[in-house]
Each structure stands twice: as structure tokens, then as C-alpha cells.
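# coords please:
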Amino acid sequence: MPESTSIRDSIIAVQSGSAAVRLREARRFLDQFEPGAEVLLLGASRGSVDDLARAIANEKGATFGLHRLSFTQLAARLAALELAARDRAPTTALGHEAVATRAAFEARSKEALEYFLPVSQTPGFPKALARTLLDLRLAAVGTHDLHRLPRSGGDLAALLDRVENLLSEAGASDRAALFEIATVALGSSVIGWPPMPLLLLDVPFQSEIEAQFLWTLVQQSPHVMITVPMGDVSAVTQLDKR
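Here you go, the predicted structure:
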């Protein structure tokens, strides 16, 4: 049996270790709306919500009104206009790694590294650094927070500052900036997504900034179901906060 929790009257969260059970509950949620009603289906991937909509269409013969996107696709769509206005574009993981490589080189050349100096020229350092700095940005951790940390804090603060400057100079935005801009766009009468019922199908609440985006979307939706795989600690933690 799934574990169902009512966060408020219009928001239901369903936790289950069975994908079949979560999909069944999602179908029940969608079946309560009139044919043709607009509903946003948001998944961890586009394929997951496409499969659900396809199954509904196969059973009913046809369907329409179901908007299907991954949560990253929705964020990118909402942020596109503001990014263009700032002459910026989303960067890829490879692009972010290239920026981290440049930041590490500059910091090493200017003797700004201490803790990471012995490993800063190893082959795996740029990739690990790019991932670490992105995780910090997604967690809304700034350079002032890092300076208070012992050992690696000073180096991380210096590298994070350099990466942010290099991204700005290149007209690029990382994933954290994308979701920050998309969250603001949700409140815009021009750009924002129109209020409609919302299904979050196993969408991961992996970081603070991504969670802020998802909760902002949830708050403006009249009816919401959130399905959560059993064991998804980050999602369960976010639900407990509510």
C-alpha cells in the first residue's frame, strides 16, 4: 500500500517503493479532471511523463490538455526570455568543467591555492571541482559561507568566485542560475506558467535551489499530487519541511 500524506487540502504526496503503485495513484489523480482539462505533468525526465500520457491515450483512444515536460525543460523555458535579455545562455556540464579548469589554472598561477595546490594539476581535479562548485551553488552556499570553513574553505571560496566571474564574462549561466531565474519568472504575469493542476512524477528535490523552484510552482497550482519513490531521502526531507 502506498503511504499517502495530505500536505494541505490541495496537495497530496504518495510514497511507495513500487513504480506501478505510484503510476496507478497518478492515474487516479488525473482521472478526476474533465476531459480536455489542462494539467501539467512534470517528471524527472520527459520520457517518464510521455509514457504516462501515452498509456492514458491508448486506453481512452485520445487525450489532450496534458502538458508534459521534465522539470529542467520547464525551468529552461521559463528562464529563456530573461537569459536572452541578459545576453546569456545556459552552459553544459562540459562547459562548466572547462570554466573550472580555467579557474583552477588562474588560481594556481596567482598562488591563490593552498589546500588544493598538491592536487590542482591532476587529471580528475577540474571535473571534481566543477561538480563540487555546482553543488555549492545549487545549495545556495556563497563565498562568505565558505570562508568560515577550515582547511579547504578559503580555496573553495576563491575558486567559486573565479568561476562565477568567468561564467559572467562568457555570458553563460550554470544550472543554479537557470533555476533561480526560472523561480522569479514563475511570479511574472508575462512569463509565468498559468495556474493549473500539477503532477510531480518522481521529480527529485536534489538541491535547495531546485526545491525552491518546485515549491513555488506547487504553491500556485490549484491541485497537486507528488509521487515519491520510497527511499528518496531528499524528497522526503522536503515534504517533512512542509
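
# Could I get the buried residue list for the host helix or strand of Gln212?
When secondary structure is defined by DSSP states H and E, Gln212 falls within helix 208-219. Buried positions in helix 208-219, judged by neighbour count with 16 or more other CB atoms under 10 Å: 209-214, 216-218. Placement of C-beta: from N, CA and C, glycine included.

# Quickly check the residues you listed for the two that are furthest apart.
Ile209 and Val218 (15.2 Å; CB to CB).

# Name the residues that touch stretch 37-50?
Contacts with stretch 37-50, where a contact means CB atoms under 8 Å, 6 or more residues apart in numbering, come from 30, 33, 52-53, 65-71, 73-74, 193-194, 196-204, 217, 221.

# now stretch 142-149
With CB under 8 Å, 6+ apart as the test, stretch 142-149 has contacts from 136, 153-154, 156-157, 160-161.

# returning to that earlier point: now, which of the contacts of stretch 37-50 lie within helices?
Judged by DSSP state H, the contacts of stretch 37-50 include 30, 52-53, 71, 73-74, 217 as members of helices.

# List just the nearest of these to Ala89.
Nearest to Ala89 out of the ones in helices among the contacts of stretch 37-50 is Gln73 (CB to CB; 15.7 Å).

# Compute the number of surrounding residues for the closest one.
14 (other CB atoms under 10 Å).

# The following helix or strand past the helix holding Gln212: how far from the chain's middle?
Using DSSP H and E, the next helix or strand after helix 208-219 towards the C-terminus is strand 224-229. Counting by CA atoms, centre = their mean, to the nearest Å, strand 224-229 is centred 16 Å from the centre of its parent chain.

# Now do strand 224-229: everything it contacts.
10-17, 19, 22-23, 25-26, 29, 197-203, 218, 235-236, 239.

# Out of the contacts of stretch 37-50, which end up buried?
Counted by 16+ other CB under 10 Å, the contacts of stretch 37-50 give 30, 52-53, 66-71, 74, 193, 196-204, 217, 221 as buried.

# Please identify the helix or strand for the nearest residue to Leu159 once chain neighbours are set aside.
Nearest residue to Leu159, sequence neighbours excluded (CB to CB, 6 or more residues apart in numbering): Ala103, at 5.4 Å. Following DSSP H and E, one finds Ala103 within helix 93-109.

# Can you spell out which helices and strands pack onto that helix?
helix 125-138, helix 153-170 (3 or more CB pairs under 8 Å, 6 or more residues apart in numbering; DSSP states H and E).

# burial of Val21, as a residue count?
16.

# name the element it belongs to?
If you go by DSSP H and E, Val21 is part of helix 19-31.

# Which elements pack onto that helix?
strand 11-16, helix 46-60, strand 198-201, strand 224-229.

# same for the next helix or strand after the last one, what does it pack against?
Sequence-wise, the next helix or strand beyond strand 224-229 is helix 233-241, with elements assigned using DSSP H and E. Counting contacts by 3+ CB pairs under 8 Å, 6+ apart, helix 233-241 is packed against strand 224-229.

# quick one: strands adjacent to the strand it packs on?
strand 11-16 (parallel), strand 198-201 (parallel) (DSSP bridges).

# Flag whichever of those strands has the least confidence on average.
Here these differ in mean pLDDT, and the lowest is strand 11-16 at a mean of 90.

# and that one, how far out from the chain's middle?
Centroid displacement of strand 11-16 relative to its chain, using CA atoms, centre = their mean, is 19 Å.

# swap in stretch 139-147?
Using CA atoms, centre = their mean, the mean C-alpha position of stretch 139-147 is found 19 Å from that of the whole chain.

# show me the contacts for the residue sitting nearest the centre point of the chain.
Residue closest to the average C-alpha location in the chain (CA atoms, centre = their mean): Glu210, at 3.6 Å. Under the criterion of CB under 8 Å, 6+ apart, the neighbours of Glu210 are 71, 138, 179, 204.
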